[in-house]
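**Student:** Turn this into a model:
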Amino acid sequence: MARYSFFSFSYEDVKNFRVNVVRNSWLHHQDDKTFFDRSIWEEERVKTSSRIKKIIDNGLKGTSVTAVLIGAETAHRRYVKYELVKSFERGNGILGVHINQIRDKYSNTCSKGLNPLDRLGFEISDDGTKIWFYELLQGSWYEFEDLPQINNKKSNTLYFSKGWFGNDFGKFFRFSDYFETYCWVKDDGYKNYCHWVEDAVEQAGR
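**Tutor:** Below is the predicted model of the structure:
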């Protein structure tokens, strides 16, 4: 079945065409495993924080999976982190894809960037009613100010069920403890991205 993917990325990786390689790959998969692109595609412009968040929230509507495309600076982008936390809140499947080995428009690769899934965390209250989000800054964990807390509610996702966490209510996790990360080049993303999407969606129970 076709899935709607939201791609989270740094705009620098749009300008160097690495993001384009991943986002355009669906054009070559014309079968029942095709994915469709629902991510935000626009130049960086000065906007208010509330306006940016509204654009992101609208972009996530109708999607079932969020893929963060990890370049050299992606992990430091404020709204990449917001996109991932909002994706968790809505119950999207989540995965990371390193794109640093994709050659840019000058045929160059770049250094491997930090994984934002390693730098975002969450904690579930002992009674399972609330979830708090955190980000790693300069070696310490801080409340994620753009979305610090949500109510743990019934949803069409397994993230909000005790079964998904086992007996781990009251404990802290990095996003990467639960969500997979791949390399587009080494793991043959052109061939396998659709399978990664299905695995992430299945994990979320969508």
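
**Student:** Run through the strands of the protein in chain order.
**Tutor:** 3-8, 35-37, 65-70, 93-98, 120-124, 130-137, 140-143, 149-151, 172-174, 181-183 (DSSP state E).

**Student:** Quick one: residues contacting C110.
**Tutor:** When contacts are counted by C-beta atoms under 8 Å, 6 or more residues apart in numbering, C110 touches N16, G71, A72, N100, D104. To be clear about C-beta, it is placed using only N, CA and C from the backbone, and glycine gets the same treatment.

**Student:** Which of those residues are buried, as a ChimeraX select command?
**Tutor:** In ChimeraX syntax, the buried subset of the contacts of C110 is picked out as below (16 or more other C-beta atoms under 10 Å):
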select :16,71,72,100,104
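
**Student:** Of the contacts of C110, which is the nearest to E89?
**Tutor:** G71 (24.5 Å; C-beta to C-beta).

**Student:** Give me the pLDDT for that closest one.
**Tutor:** Confidence at G71, expressed as pLDDT, is 96.

**Student:** residues contacting the closest residue in space to it that isn't next to it in sequence?
**Tutor:** With sequence-adjacent residues excluded and distances taken as C-beta to C-beta, 6 or more residues apart in numbering, G71 is closest to D13, at 4.1 Å. Applying C-beta under 8 Å, 6+ apart, we find D13 in contact with V19, L69, G71, T74, I99.

**Student:** Save those residues as TSV, and put in distance to N152 too.
**Tutor:** Converted to TSV, those look like this (distance: C-beta to C-beta, whole Å):
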residue	distance to N152
V19	33
L69	29
G71	33
T74	28
I99	33
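
**Student:** what's the farthest-apart pair in those residues?
**Tutor:** It's V19 and T74 that sit farthest apart of those, by C-beta to C-beta, at 9.8 Å.

**Student:** Overlap in contacts, these two.
**Tutor:** F9, D13.

**Student:** where does this protein dip in pLDDT?
**Tutor:** Filtered on pLDDT under 70, the chain yields the residue ranges 1-2, 26-46, 154-157, 162-167.
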